[in-house]
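Q: This is the structure alone, sequence omitted:
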């Protein structure tokens, strides 16, 4: 508590990375990736003595990925995948292995897909976990359907070389759809879908989510796209959050909502996308509104600019904010406090591409994101997942968060599969518990020289084609050793 980080790197440097991939004549694909990152530390200052020390946040680390993929019958495959992360010293190590299958009938009318993954983490407390899904699909014709099941236990962990936000649940899902396979008099395409999924917690068996939704999409003769959809979650649901505690959850009310979108033909110089959606909860005053508007303009065959604006508003949301120890007794649980709040966010994104020729281009991406939440009052979470008003004192838990990113990239594809990429990036973020609803001030805080971080990188990727080497003079020299060597 009496130490402060005074110097922290913005990234962990890669020492080297090597990837090799290919496929044999028998249909066996082999892929290997190895990368090593360097030992990285931060400087920590003791606020009492003024002394500093180095604290390792990432030791020397080796990353490995191995894939064996066997294709057969021209449209099916079975794969073995392994990822491994080994860290130097007494740090966490991890290994994940998986079996993946994609089986199709000869006519490509039906499909069975799935996987089975096993993870092992070597840490202070070792843990092992599984994740698996199996799905059966009808993949041809005007009427199609699929049905499947998924499970991931609480201890499955692939986050050392992957990402996974939720564990400890299983679900069942299915869908049926109807579409036209060829254009008709008034439309180029249309499709109607009906989907349903149900999610349960693996530890308690409580319902996490139960959703029914339907949507309709069409493309006109002028290649304008339209769509509309409805969502219904007809039952109360249990939202699990590890911050609450083991098997801790809060109850969310039933909800329903809808959305639609319009996407005009991108072949025109000017085109646009618009997608609003709304959700209403079975709770007075609780609702959600969201809209995205994205116009684009093609100035020429070389220059394209796209702007996107998103606005989001969640009224009377219940969200976790903190825990409060009311009796200083470690044997009793702390009070879990939620905020009764309004959440707003705004996102502005500008992207562009200028092509010098078919192999060289400049790409620009600029994004500003701003989100804030204001708590009207605080709620006490009970063990049954329901709330009552909290009468105690809670420190200010309002949040004002914003980010800025700008990427400018030059790309040159100098040979098939080979690229030189030069990137300049600046970025910053801002957080405060005092909300200031001032857009200009928010942007100025982010673009302050002291807040901005800058990065410049050069990446070179060169694709080596085995067949080209084999058929070249060099390749023939290596493949005919008997002409050169005698035993």
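A: Everything's here; your move. These figures come from a predicted structure and were not determined experimentally.

Q: rest of the way, CA atoms for contacts and neighbours
A: Noted.

Q: Thought residue 338 was touching residue 318, still the case?
A: Yes: taking contacts as C-alpha atoms under 8 Å, residue 318 lies within contact range of residue 338: 6.2 Å.

Q: show me the contacts for residue 36.
A: By C-alpha atoms under 8 Å, 6 or more residues apart in numbering, the residues touching residue 36 are 14-17, 60-63.

Q: How about it, nearest residue that isn't a chain neighbour?
A: In space, and not counting its chain neighbours, residue 36 is closest to residue 62: 4.6 Å by C-alpha to C-alpha, 6 or more residues apart in numbering.

Q: what's the answer for residue 212, then?
A: Closest to residue 212 by C-alpha to C-alpha, 6+ apart is residue 196, at 4.5 Å.

Q: correct me, but the one you found touches residue 149?
A: No: here residue 196 lies out of contact with residue 149, judged by C-alpha under 8 Å, at a distance of 11.9 Å.

Q: overlap in contacts of those two?
A: Common neighbours of residue 196 and residue 149 (criterion: C-alpha under 8 Å, 6+ apart): residue 173.

Q: Where in the chain is the helix or strand with the lowest mean pLDDT?
A: helix 473-479 (a mean of 54; mean pLDDT, DSSP states H and E).

Q: What about the residue nearest to residue 212, how many residues nearby?
A: Residue 196 has 18 neighbours, counted by other C-alpha atoms under 10 Å.

Q: what are the bridge partners for it, then?
A: Beta bridges link residue 196 to residue 174, residue 212 when assigned by DSSP bridges.

Q: and it, what does it touch?
A: Residue 196 sits next to 173-175, 210-213 when contact means C-alpha under 8 Å, 6+ apart.

Q: again, 7 Å this time
A: Under the criterion of C-alpha atoms under 7 Å, 6 or more residues apart in numbering, the contact list for residue 196 reads 173-175, 211-213.

Q: what about the residue nearest to residue 36, distance to residue 124?
A: Taking C-alpha to C-alpha, to the nearest Å as the measure, residue 62 falls 20 Å from residue 124.

Q: Next: residue 301.
A: Separation of residue 301 from residue 124 (C-alpha to C-alpha) stands at 58 Å.

Q: Can you pull the poorly scored residue ranges out of the stretch 351-487 of the chain?
A: Counting by pLDDT under 70, the stretch 351-487 of the chain has low-confidence residues at 466-487.

Q: For it, just list every one of the strands.
A: 360-381, 387-389, 399-415, 418-432, 453-461 (DSSP state E, counting those that start in this stretch).

Q: Secondary structure element for residue 349, which one?
A: Counting by DSSP states H and E, the element that carries residue 349 is strand 335-355.

Q: Just the angle for that strand relative to strand 360-381, thanks.
A: 170 degrees (axes from the mean of the first three to the mean of the last three C-alpha atoms, to 10 degrees).

Q: with the contacts of residue 36 in mind, which one is nearest to residue 293?
A: residue 14 (38.4 Å; C-alpha to C-alpha).

Q: Is the closest one bridged to anything, and to what?
A: Following DSSP bridges, residue 14 is listed with bridge partners residue 37.

Q: what does residue 70 give?
A: Beta-bridge partners of residue 70, counted by DSSP bridges, are residue 28, residue 78.

Q: same thing with residue 3?
A: With DSSP bridges as the criterion, residue 3 is bridged to residue 46.

Q: what's the answer for the one 4 residues further on, then?
A: According to DSSP bridges, the partner residues bridging residue 7 are residue 43.

Q: Residue ranges in the stretch 1-150 of the chain under the pLDDT threshold?
A: For the stretch 1-150 of the chain, the ranges with pLDDT under 70 are 1.

Q: can you give me the strands for it?
A: Secondary structure of the stretch 1-150 of the chain (DSSP E, counting those that start in this stretch): strands located at 3-7, 14-23, 28-37, 40-46, 52-58, 61-72, 76-87, 93-104, 110-122, 127-138, 143-152.

Q: In CSV: those, plus distance to residue 372.
A: Shown next, in CSV, are the strands of the stretch 1-150 of the chain (distance: least, C-alpha to C-alpha, whole Å):
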stretch, distance to residue 372
strand 3-7, 26
strand 14-23, 35
strand 28-37, 36
strand 40-46, 30
strand 52-58, 30
strand 61-72, 37
strand 76-87, 37
strand 93-104, 36
strand 110-122, 36
strand 127-138, 35
strand 143-152, 33
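
Q: and residue 269, how far is that from residue 304?
A: Residue 269 sits at a distance of 9 Å from residue 304 (criterion: C-alpha to C-alpha).

Q: shared neighbours, the two?
A: The contact sets of residue 269 and residue 304 overlap at 297-298 (C-alpha under 7 Å, 6+ apart).

Q: Of those two, which one has the most company?
A: More crowded of residue 269 and residue 304, by other C-alpha under 10 Å: residue 304, with 17 against 13.

Q: With adjacent residues omitted, what lies nearest to that one?
A: Leaving aside its sequence neighbours, residue 304 sits nearest to residue 298 (C-alpha to C-alpha, 6+ apart; 4.4 Å).

Q: still on that earlier bit, kindly reformat the contacts of residue 36 as CSV containing distance to residue 74 and neighbour count.
A: As requested, the contacts of residue 36 are exported to CSV (distance: C-alpha to C-alpha, whole Å; neighbours: other C-alpha atoms under 10 Å):
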residue, distance to residue 74, neighbour count
14, 38, 13
15, 39, 13
16, 36, 11
17, 32, 13
60, 42, 17
61, 39, 19
62, 36, 19
63, 32, 18
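
Q: now those residues as TSV including distance to residue 362?
A: As requested, these are exported to TSV (distance: C-alpha to C-alpha, whole Å):
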residue	distance to residue 362
14	25
15	27
16	27
17	26
60	35
61	34
62	34
63	32
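
Q: Greatest separation within those: which pair is it?
A: 17 and 60 (13.7 Å).

Q: sec struct for the one residue sitting closest to the centre of the chain, please.
A: Note on the chain: the residue nearest the mean C-alpha position is residue 163, at 7.7 Å, using C-alpha atoms, centre = their mean. Secondary structure state of residue 163, per DSSP: H, G, I helix; E, B strand; the rest coil, is coil.

Q: Backbone dihedrals for it, please?
A: phi -150, psi 140 (degrees, to the nearest 10).

Q: how close does it get to residue 12?
A: Applying C-alpha to C-alpha, the value for residue 163 to residue 12 is 18 Å.

Q: ditto for residue 88
A: Taken as C-alpha to C-alpha, the span from residue 88 to residue 12 is 15 Å.

Q: got it, and residue 106?
A: From residue 106 across to residue 12, the span is 48 Å (C-alpha to C-alpha).

Q: same question, residue 230
A: From residue 230 across to residue 12, the span is 44 Å (C-alpha to C-alpha).

Q: wait, doesn't residue 372 sit right on residue 402?
A: No: with contact defined as C-alpha atoms under 7 Å, residue 372 does not reach residue 402; the gap is 8.4 Å.

Q: what's the burial count for residue 48?
A: The number of residues packed near residue 48 is 8, by other C-alpha under 10 Å.
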